[in-house]
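In: sequence unknown, structure follows:
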């Protein structure tokens, strides 16, 4: 990049009319000197030619965490299953309550006489069974 000249229009004394502000930008040569090729970076070193894979053996800490994870995994799975079971039961109960409310709010025409007969029969059975 070449040097850039900027001027600003402000009232200045007559002696400073010819003065200008010079902004120096990085020159193209300096910019190219700062560039680094990827192979010059330390993270791009070539691996040794005689390399081989060695499997790492887990240490005591890793073995301890693995045993804790396997032991608690069973209980966590059981808790998740129990939670889903209870949640589904609660949701079914709530839905049954909503359905029963809607049904009892607008009962069929013969519902109340049938309910009365069943209630009287149950009370008579309780009274007779007590004696």
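Out: In hand now; what should we look at? Being a predicted model, the structure only gives us computed values, none of them experimental.

In: rest of the way, CA atoms for contacts and neighbours
Out: Fine.

In: any chance you could map the strands in this protein?
Out: Secondary structure of the chain (DSSP state E): strands at 4-6, 21-23.

In: what's the longest helix in this structure?
Out: Ranked by number of residues, the top helix in the chain under DSSP state H is helix 60-105.

In: tell me the mean pLDDT over that helix?
Out: The average of the pLDDT scores along helix 60-105 is 94.

In: Tell me which residue is most central in this protein.
Out: residue 80 (18.6 Å; C-alpha atoms, centre = their mean).

In: Report the separation between that one and residue 93.
Out: Counting by C-alpha to C-alpha, to the nearest Å, the separation of residue 80 from residue 93 is 20 Å.

In: who does the longest helix of the chain touch, helix- and strand-wise?
Out: With contacts defined as 3 or more C-alpha pairs under 8 Å, 6 or more residues apart in numbering; DSSP states H and E, helix 60-105 has no helix or strand neighbours.

In: For that helix, what is the distance to the chain centroid?
Out: 20 Å (C-alpha atoms, centre = their mean, to the nearest Å).

In: Check the burial of residue 66 by counting its neighbours.
Out: Look at residue 66: counted by other C-alpha atoms under 10 Å, it has 13 neighbours.

In: What of the one 5 residues further on?
Out: One way to gauge burial is a neighbour count; for residue 71, by other C-alpha under 10 Å, it gives 11.

In: do residue 105 as well
Out: For residue 105, using other C-alpha under 10 Å, the count is 9.

In: now the one 10 residues further on
Out: Residue 115 is surrounded by 11 other residues when neighbours are defined as other C-alpha under 10 Å.

In: quick one: it and residue 123, what's the gap?
Out: Relative to residue 123, and taking C-alpha to C-alpha, residue 115 is found at 12 Å.

In: Touching both of these two, which residues are there?
Out: Shared contacts of residue 115 and residue 123 (C-alpha atoms under 8 Å, 6 or more residues apart in numbering): none.

In: before we move on, the earlier item: tell me how far the residue nearest to the centre of the chain lies from residue 86.
Out: Distance from residue 80 to residue 86, by C-alpha to C-alpha: 10 Å.

In: Residue 53 too?
Out: In terms of C-alpha to C-alpha, residue 53 sits 50 Å off from residue 86.
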